[in-house]
Every structure is written in C-alpha cells, then in structure tokens.
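> Just a sequence and a predicted model for now, questions to come.
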Amino acid sequence: MGRQNRFALYDSAPMTDVAIVGAGYVGVPLAQVFAEAGRTVLLVDRDAERVAQLNRGESYIEDVPSEALKRLVDGKSLRATTDYDELRDADAIVIALPTPLSKQREPDLSIVNGAAEEIAQRLREGHLVVLESTTYPGTTREEVLPRLEASGLRVGEGFNRAFSPERVDPGREDWTTKNVPKVVGGITDACTDRAAELYGSAVDTVHRVTSPESAELTKLLENIFRSVNIALVNEMAQLCERMKIDFWEVVDAAATKPFGFMSFKPGPGLGGHCIPIDPFYLTWKAREYDFYTEFIELAGKVNENMPWHCRSLVSQALNHGKQKSLKGSEVLVLGVAYKPNIGDMRESPALKLIELLETGGANVSYHDPHVPELPDHGLSSVPLDPSRFDAIAIVTDHSGIDYESLVESGPVIIDFRNATGERGRKSDTVWKL
C-alpha cells in the first residue's frame, strides 16, 4: 500500500517519514541511513544538549561524521527534538533506547516501557511502531504492545507493530547500518510487511521472520554465539598458560583450516552494550519455562572472571620480570575503549581491570587516543612514555601505536591482545594472555 493511500483518511500526509526515539549509537546512524535514502527523519531524545548538537550538525557518534550530519540537517532531511508531541506527525516510529541490566542481572525495561507509554499518548491510526532495542523474546508482544494499546487503538487495525533488532558494530566500515541485513518480525503479517517496506526503503536487504519473538531471539542468538566462543578461547588461554603453550600460535594454526573452525580471540573480558549483557536476557526469560541455560551462564562466568585473571598476570609479570610487587608499582593501561579505534566505553573490561589494579595498590595511569578522560576514575589519558612505568598492560589494541618498539622500551609488557605479535613471543619482557 502506498503512503498516499495509507493515509487517505487524513487531511494531509505526515510531515515526517520516520521518527527515531533515542539519539545514541543506534538511533543516529539509523537516522543518517534513512535521511540519505531520501526520507525525512526526526530524532527524539530527552537530552536537550544532544538535541541542540544534532541540530547544529555536530555529531557525537564516531560512525556518523559531522560533515555528513550537517549536510543532512542543512538539507532539512534530518532534525532533532525533545518534544514527544511531534511523534504525531510521523509515519513510522522506531524505538532505539537502552535496555540495561539491573544490579541483580535482570532485564531493566523501564526506559523502553516509559517511551512506549509516551508514544501511546500520541499514537494515531496508521502509525507503525518498531522496537530495535535488544531484549528477551516476548517483550514486543507482552510489554510494549499493551502499553501502546492503552491508547484505545488495536494492533493490526489501528496501527502496526514490529520488532527489528539493531545490528550495529561501532567502528566498522565494511558492515554498516545500511548493508547489514535487517531482520523484521511483526505481530501480524501486515505489520511485518509494513516494517519491511519501511526498512527496505533505506537498507540493502530485509529478512522477514514470522513473529517478533523470532526476531528478538535472533539478536540474542547472534551475541550468545560470540559470548560462548569467546569464553571457550578465554578458558583455553588460561589452560595454555599452565601448560606453557602459546595459545595465540594455536589459534592462528587452527584458523588455517578452511572449514569447521571460526577464529575467536581471548581477551581481558567482554565489552560493548551487547555481548556482556544480551545473554542474561535469555537466561532470565528461560527460567519462566523451568529451563536453565547452563551453557550460556557458564560462558558468562568465564568471561566475567577475565579481569581478575588479567590482574593476576600483571602481578606475576611484575614479580618475575621486575622483582616488584603490584603494590607501589607504576602501571600503564594501554587502551581503555572496549574495542580498537573507537572511544566507546560501554562495559569496557579496562574499567574493571583499573579498579582491580588500584585495589591491589598499583599507581595506575592510562593512555588512549580515543578516550581523553575517565571522570569516574579521576584519570586523564597520559602521553605514551614507557620509561615512566614498571609495567604496561595492553588492554585495547588501537592501531597507530608502535607495539614492536614498545617491546624494546624497558617496562614489563602484559599483552592481552597479541598486539606485540611475533616479537612479543620472542621477548623475555612480554607476558601474553
């Protein structure tokens, strides 16, 4: 059904094609993709400072250059507001808000549910509402839908409702919001069609599934797959340390097999909003069905323990390499973002490692060209001057750093990312995970 026919009941067509609630790591890149496809886009966010910045064409999201954003803003295809009332004039509404875990590791849907209640007050006949926030199967139908239907409208009759999981990997240039296939599942077939039509106007590929539950579980499976495999190599790396086998050499050798093996790398812990959090959404939901996801929970335990293991490696390296204890030693954490070449700090394992090193009595500094400040730790990025430190722990392997020269610089190096490569393997001053 074309847009003109769909809204024939109204005096005029909606002024905005797509309204995106949430101007963060998901919402802003998605807004860019829709706007560059010729759609008019409205970003809605509670943060007035963010909104003002967006309306000036200034991006705070690394994957969206300010030049590109300003061009879209100046061309009147993208703007931002704090006013939820403007949702009434949108054709489609996409919810792209955080879904954190509580301190008890249980899903916290308060932000998404609050937004759904706000949308319900502005919901009108003909609206399409899509949730992109990662969550457990059943959220779209059991949590968000009743809040929207409190408006008096019914799904499939007065409005359409679907789920389409975000698949953002910050910092990537090969796979982006535009060319990563979009999974879509609606409450009804018509809802799926409507959501597929929306995304199909801007992204390269749309993959339909039969329900929002299938779409919700698709996203969880993707990230649980990574979590479990990362836990496996983290556990293997700890075993190889005791067996005095270079695990990085083993991984590289296994990766030469052209079938039946996928290369995952160990590290100091999981980071980002998805992989450290998403598996717990499913383990929580599974208990409702008297089912315990022991394999997933075991992977979570292994991965969560990695910062403690890495603190122990730093201590051992100082003891054997410098004949010094951790207490009183000058330790540099090299790289604190959760992945290379971006400034994203969400769930970064570096934060836990810094805390553990400080608790052990070390004097901790950090260097990260992408993260100038860590205000919660009272730290600022310092120049990379190896001579100042007893030990350097490579936590995030940003490019642009001469790791080979670092090996020859004097301090003990604890390399959690294999950044020092072959030279590190041959050096008596480098300790590897």
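Arrived safely, thanks for sending.
> Count the residues that sit near residue 262.
In terms of burial, residue 262 registers 10 neighbours under the definition other C-beta atoms under 10 Å. No exception for glycine: its C-beta is placed from N, CA and C like everyone else's.
> and the residue nearest to it when sequence neighbours are not counted, helix, strand or coil?
For residue 262, the nearest residue in space outside its immediate sequence neighbours is residue 229; the separation is 7.0 Å by C-beta to C-beta, 6 or more residues apart in numbering. Secondary structure of residue 229, reduced to three states by DSSP: H, G, I helix; E, B strand; the rest coil: helix.
> Residue 94 now?
Under the three-state scheme (three-state DSSP), the conformation of residue 94 reads as strand.
> Run the chain-centre distance for stretch 206-218.
20 Å (C-alpha atoms, centre = their mean, to the nearest Å).
> Which positions within it qualify as buried?
By neighbour count on 16 or more other C-beta atoms under 10 Å, the buried set for stretch 206-218 is 206, 208-209, 211-213, 215-218.
> what's the answer for stretch 409-419, then?
Of all the residues in stretch 409-419, those buried under the rule 16+ other C-beta under 10 Å are 411-419.
> Most widely separated two among the residues you listed?
When C-beta to C-beta is used, the two most widely separated members of the buried residues of stretch 409-419 are 411 and 418, lying 17.9 Å apart.
> Would you reformat the buried residues of stretch 206-218 as a markdown table and include pLDDT?
Shown next, in a markdown table, are these (pLDDT from 0 to 100):
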| residue | pLDDT |
| --- | --- |
| 206 | 98 |
| 208 | 98 |
| 209 | 98 |
| 211 | 98 |
| 212 | 98 |
| 213 | 98 |
| 215 | 98 |
| 216 | 98 |
| 217 | 98 |
| 218 | 97 |
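> Which ones among those residues map onto helices?
Using DSSP state H to define helices, the subset of the buried residues of stretch 206-218 located there is 212-213, 215-218.
> ok, back up a step: in helices, which of the buried residues of stretch 409-419 appear?
With DSSP H as the criterion, helices contain none of those.
> Point out the least confident one among those residues.
Scanning the buried residues of stretch 409-419 for pLDDT, the smallest score is found at residue 411, 93.
> Which residues lie in contact with that one in this structure?
332, 386-387, 389-392, 429 (C-beta atoms under 8 Å, 6 or more residues apart in numbering).
> distance of it from residue 69?
41 Å (C-beta to C-beta, to the nearest Å).
> Need the three-state assignment for residue 42.
When the structure is reduced to helix, strand and coil (three-state DSSP), residue 42 reads as strand.
> Neighbours of it, how many?
22.
> in the sheet, who's paired with it?
Using DSSP bridges, the bridge partners assigned to residue 42 are residue 19, residue 79.
> Same question for stretch 110-129: list its buried residues.
Within stretch 110-129, the residues that qualify as buried are 111-113, 115-116, 118-120, 122-124, 126-129, counting by 16+ other C-beta under 10 Å.
> actually stretch 290-307, not the one I typed
Buried residues in stretch 290-307, defined by neighbour count with 16+ other C-beta under 10 Å: 293, 296, 299-300, 302-303, 306-307.
> Distance to residue 199 and secondary structure for these - can I get that in JSON lines?
Shown next, in JSON lines, are these (distance: C-beta to C-beta, whole Å; DSSP: H, G, I helix; E, B strand; the rest coil):
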{"residue": "293", "distance to residue 199": "30", "secondary structure": "coil"}
{"residue": "296", "distance to residue 199": "29", "secondary structure": "helix"}
{"residue": "299", "distance to residue 199": "31", "secondary structure": "helix"}
{"residue": "300", "distance to residue 199": "32", "secondary structure": "helix"}
{"residue": "302", "distance to residue 199": "36", "secondary structure": "helix"}
{"residue": "303", "distance to residue 199": "32", "secondary structure": "helix"}
{"residue": "306", "distance to residue 199": "36", "secondary structure": "helix"}
{"residue": "307", "distance to residue 199": "38", "secondary structure": "helix"}
